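**Student:** Okay, sequence plus prediction incoming.
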Amino acid sequence: MRLSSCLIALASLAATGLASARESNVRLPDIGSSAAAIMSPQEEARYGASMLHEMRSLSMVLDDPLLGDYINSLGYRLVAHSDKPDTRYTFFIVADSGINAFAAPGGYIGVNAGLITTAQSEDEVAAVLAHEIAHISQNHLLRAFEDSKKASLPIALAMIGAMIASSGASGDGAEAALMTGTSLIQQRQINFTRKDEIEADRVGIQTLVRSHFDPQAMAGFFARMERTLRGGGGDGKIPDLLRTHPVTVDRISDAKARAEGVEKLVETEAELPALGSGNLAYLRSSPRDDDFRPAKRAPAQPSTTHGETRSLTFLLMRERARVLASDQPSVTQTYYASNLKNEPGFDVPANRYGNALALIRTGRPQEAREILAKLVESQPANLPYQIALAQAEAQSGRRNDALTRYEKLVANSPGSNAIALSFAQTLIEDGQVSSARRAQELLRPILATEIDDPEPYRVFARASDLAGDKIRAAEAYADVALLNGRLEDALNQLKALTRRADLDYYQRSRIDARIAEVTPIVLELRHRGIKPAEQGRLAPGFSCQDSNSCASMSSVRNNSALE
């Protein structure tokens, strides 16, 4: 990965900006009785969103609707049983093979793909998420900023850039860290105390138990990595999770003791209703639906069926993360092919699914279709299997079969973002106006929710272009660029859009409101010397078919492409 000029500027800006703050003796208010004295909820949200957009501009975020739904459903299952169940969170997967996870202001929690592929069970991933949720619910992040200098959004973003650039590096620190693509944001960079870590363990274990996960998973996962390190595994490289969350024998023992204590306490209480984040119904739900709240929990299911469904879903998502996060698809496919041939125990549905995904990525959809057809035959209701098969059909020249399959999937699972996006992507490939309008219809419900993924906006923009809806296309392209960190470009494109004579009153009012929200941020970026070219870059695959309608935009969007 090349060191981005944006991060160089951010790291430099952090140094100069914070130095200036020290010289003027600007100090944060005491944490005291209110976390809001450090940073308002609105500032936290902007801080976290900016971090995510910068990471996405560096292609560090794994934006996949199935994986996104999975990690958010798993996260919100925990949030529903946390100390602050009404807090808004955004869970996302980092396209990094390192074993790490981190929390950021505004409820943003990132989990490396490497952590998911290393975990042996869903309980272990849940344990890490519960720990990070606890850091946020207990205000550890805000306490960590207590000795920092209060800053505007761009300076806060610069601090994040400096963290990314300097994390886990030696020698030529910034470039070394980004060249390896590891340790995106080190928790040690924000100086969590030993007390914070122990408190996050304690609160996280309580959340695990309330959510019906194994409370021993937290201690078990850390202990397993610690044993691997002690035994010389992993080429002697310390996992990032151990660097950012230092683990000692005493801490592992303490976590186990707490887990055992909580388990005994729960045995004396009434049994809680079962929750199944692995159930496919969770993958078809919006991560922010009220269904994740305790009042609307899923009905209890037989423990054996429920456990098998949860386990299979985790295994499928683990292999999906392995394939999609890989920057060497052919190597990944060889990994599956070799193990399926030589290791009898490797030949299980999840690994056959991973192999099929790898075959699709390496341009062999016909082979993938044959594998997936058998998987679908064994489990017709399995959503990941069905979507992958439709993709393989579309890419292997069986377009009509794919479209028929997608229509059935939409009818059976009308709330699935993953189906809608995959279907829309296939529809616009033929360049037909009727197909483009159907794609628009499919994507509108997705864009009506607050999503941070630019791909639905990109596909909607392309569909709108094909359908002749240039204004809608322009606004959707605006969202794409801003979600990729290009605020200046977004502002310029939106201003150009206001000069169109065919805007109606509502369109003009909406666009003017968005310009008003973006302008102060762009002005601050200019003031700090961050050039437009340094404000991120469009994600791979982005293309603007109509230069006059290619606008840009993000978290300040307000369902702009919907009306």
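**Tutor:** Yep, that arrived. Numbers count the residues shown, from 1 in each chain.

**Student:** Below-threshold pLDDT in the chain: ranges please.
**Tutor:** Confidence mapping of the chain against pLDDT under 70 gives the ranges 1-39, 142-193, 226-309, 534-563.

**Student:** any idea which helix or strand comes after the helix or strand hosting residue 72?
**Tutor:** Remark: residue 72 resides in helix 65-79, with elements defined by DSSP states H and E. Going down the chain from helix 65-79, the next helix or strand is strand 90-94, by DSSP H and E.

**Student:** who are the neighbours of the helix holding residue 72, in terms of helices and strands?
**Tutor:** If contacts are counted by 3 or more Cβ pairs under 8 Å, 6 or more residues apart in numbering; DSSP states H and E, helix 65-79 sits against strand 90-94, helix 122-137, helix 280-283, helix 303-325, helix 383-395, helix 417-427. Heads up, the C-betas are built off the backbone N, CA and C, glycines and all.

**Student:** Just the C-alphas of it, formatted as PDB.
**Tutor:** Provided in PDB are the C-alpha atoms of helix 65-79 (Å, rounded to 0.1, in the frame of the first residue of the first chain):
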ATOM      1  CA  PRO A  65     -23.400  -5.700   2.400                       C
ATOM      2  CA  LEU A  66     -23.500  -9.300   3.700                       C
ATOM      3  CA  LEU A  67     -20.500  -8.800   6.000                       C
ATOM      4  CA  GLY A  68     -21.700  -5.400   7.000                       C
ATOM      5  CA  ASP A  69     -25.100  -6.800   8.000                       C
ATOM      6  CA  TYR A  70     -23.500  -9.600   9.900                       C
ATOM      7  CA  ILE A  71     -21.000  -7.500  11.900                       C
ATOM      8  CA  ASN A  72     -23.700  -4.900  12.700                       C
ATOM      9  CA  SER A  73     -26.300  -7.500  13.700                       C
ATOM     10  CA  LEU A  74     -23.700  -9.200  15.900                       C
ATOM     11  CA  GLY A  75     -22.700  -5.800  17.300                       C
ATOM     12  CA  TYR A  76     -26.200  -4.600  18.000                       C
ATOM     13  CA  ARG A  77     -27.100  -7.900  19.600                       C
ATOM     14  CA  LEU A  78     -24.500  -7.000  22.200                       C
ATOM     15  CA  VAL A  79     -25.500  -3.300  22.300                       C
END
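
**Student:** and of the helices and strands packed on helix 65-79, who's closest to residue 115?
**Tutor:** When the helices and strands packed on helix 65-79 are compared by Cβ to Cβ, helix 122-137 sits nearest residue 115, at 6.4 Å.

**Student:** ok so, going back, okay, the helices and strands packed on helix 65-79, which one's buried deepest?
**Tutor:** Highest mean neighbour count among the helices and strands packed on helix 65-79 (mean count of other Cβ atoms under 10 Å): helix 122-137, with a mean of 26.

**Student:** May I ask which helix or strand encompasses residue 479?
**Tutor:** Assigned by DSSP H and E, residue 479 belongs to helix 470-483.

**Student:** What residues sit buried inside the next helix or strand after that helix?
**Tutor:** Once the chain leaves helix 470-483, the next helix or strand it forms, by DSSP H and E, is helix 487-498. Across helix 487-498, burial judged by 16 or more other Cβ atoms under 10 Å covers 487, 488, 489, 490, 491, 492, 493, 494, 497.

**Student:** Residue 532 is in contact with the third one, correct?
**Tutor:** Yes. The pair residue 489 and residue 532 passes the contact test of Cβ atoms under 8 Å, sitting 6.1 Å apart.

**Student:** okay, stretch 496-504 in PDB with CA atoms only?
**Tutor:** Taking C-alpha atoms only, stretch 496-504 is exported to PDB below (Å, rounded to 0.1, in the frame of the first residue of the first chain):
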ATOM      1  CA  ALA A 496     -22.400  23.400 -10.100                       C
ATOM      2  CA  LEU A 497     -25.600  21.500  -9.700                       C
ATOM      3  CA  THR A 498     -27.400  24.600  -8.300                       C
ATOM      4  CA  ARG A 499     -26.800  26.300 -11.700                       C
ATOM      5  CA  ARG A 500     -29.100  23.900 -13.500                       C
ATOM      6  CA  ALA A 501     -32.200  25.600 -14.700                       C
ATOM      7  CA  ASP A 502     -34.300  22.400 -14.400                       C
ATOM      8  CA  LEU A 503     -34.200  22.100 -10.600                       C
ATOM      9  CA  ASP A 504     -37.500  22.300  -8.900                       C
END
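
**Student:** Kindly reformat the buried residues of helix 487-498 as TSV containing distance to residue 425.
**Tutor:** As requested, the buried residues of helix 487-498 are exported to TSV (distance: Cβ to Cβ, whole Å):
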residue	distance to residue 425
487	27
488	29
489	24
490	23
491	29
492	28
493	23
494	26
497	25
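
**Student:** Just want to check the distance between residue 437 and residue 449.
**Tutor:** For residue 437, the distance to residue 449 (Cβ to Cβ, to the nearest Å) stands at 21 Å.

**Student:** Between the two, point out the one with more neighbours.
**Tutor:** Shown here are residue 437 and residue 449; by other Cβ atoms under 10 Å, residue 437 has more neighbours (17 against 13).

**Student:** if I look at the closest residue to that one other than its chain neighbours, how far off is residue 438?
**Tutor:** Nearest residue to residue 437, sequence neighbours excluded (Cβ to Cβ, 6 or more residues apart in numbering): residue 467, at 5.0 Å. Going from residue 467 to residue 438 by Cβ to Cβ gives 9 Å.

**Student:** repeat for residue 122
**Tutor:** 36 Å.

**Student:** likewise residue 452?
**Tutor:** Taking Cβ to Cβ, one finds residue 452 at 25 Å from residue 438.

**Student:** Check residue 444 too.
**Tutor:** 11 Å.

**Student:** Let me know how buried residue 83 is, in neighbour terms.
**Tutor:** The tally of other residues near residue 83 (other Cβ under 10 Å) stands at 13.

**Student:** swap in the one 4 residues further on?
**Tutor:** Per other Cβ under 10 Å, the neighbour tally for residue 87 reads 14.

**Student:** residues touching it, list them.
**Tutor:** 79, 107, 136, 137 (Cβ atoms under 8 Å, 6 or more residues apart in numbering).

**Student:** just curious, which of these is nearest to residue 429?
**Tutor:** residue 107 (36.4 Å).

**Student:** re earlier: want to throw the contacts of residue 87 into a markdown table with distance to residue 370?
**Tutor:** Listed next are the contacts of residue 87 as a markdown table, based on distance: Cβ to Cβ, whole Å:
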| residue | distance to residue 370 |
| --- | --- |
| 79 | 40 |
| 107 | 43 |
| 136 | 45 |
| 137 | 48 |
